[in-house]
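# Below are the sequence and a predicted model for it; my questions follow.
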Amino acid sequence: MGKIPFKKFLGDALDELYPNSSFRVFDTLDDIEIDVVIDNDTVSLRASEMEAEYDSQEYARNRKQEYDQLNQFEMQFDDDRDSTTTWVDKINEIKGRHPK
């Protein structure tokens, strides 16, 4: 999975901190068109916090991507019918590859 660029978090931080403002983010805080005075340190801090939060959930995004490829209901049905643990084994395998 590719890392989301910091620029995306700058836009999100500006939306959150200045909800009634309009702006365009180019590459850095120095390249923003905005109609209010902003505190660059506050925006950069919030964007960094948002980026850290996003990064901390990488395991969940990776797990979901793999979970979505499974036909879990069919696996559960087959396990119940056949007295097997294929579904549980596969879920544990995915969790093992992408720990919290």
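Noted; the coordinates are in hand.

# Would you mind splitting this structure into its domains for me?
The record's domain parsing of the chain by automatic domain parsing lists 1-56, 58-100.

# For these, please prepare CSV with the additional fields mean neighbour count and mean pLDDT.
Every residue, glycine included, has its C-beta placed from N, CA and C. Below are the domains of the chain laid out as CSV (neighbours: other Cβ atoms under 10 Å; pLDDT from 0 to 100):
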stretch, mean neighbour count, mean pLDDT
domain 1-56, 13, 75
domain 58-100, 12, 96
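
# Do a quick rundown of the strands in this protein.
23-25, 32-34 (DSSP state E).

# can I get the CA coordinates of stretch 44-53 in CSV?
Once non-C-alpha atoms are left out, stretch 44-53 reads as follows in CSV (Å, rounded to 0.1, in the frame of the first residue of the first chain):
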residue,chain,number,x,y,z
SER,A,44,1.3,21.4,10.6
LEU,A,45,0.8,19.9,14.1
ARG,A,46,-2.7,18.8,13.3
ALA,A,47,-1.7,17.4,9.9
SER,A,48,1.1,15.4,11.5
GLU,A,49,-1.4,14.1,14.1
MET,A,50,-3.8,13.0,11.4
GLU,A,51,-0.9,11.4,9.4
ALA,A,52,0.2,9.5,12.5
GLU,A,53,-3.4,8.3,13.1
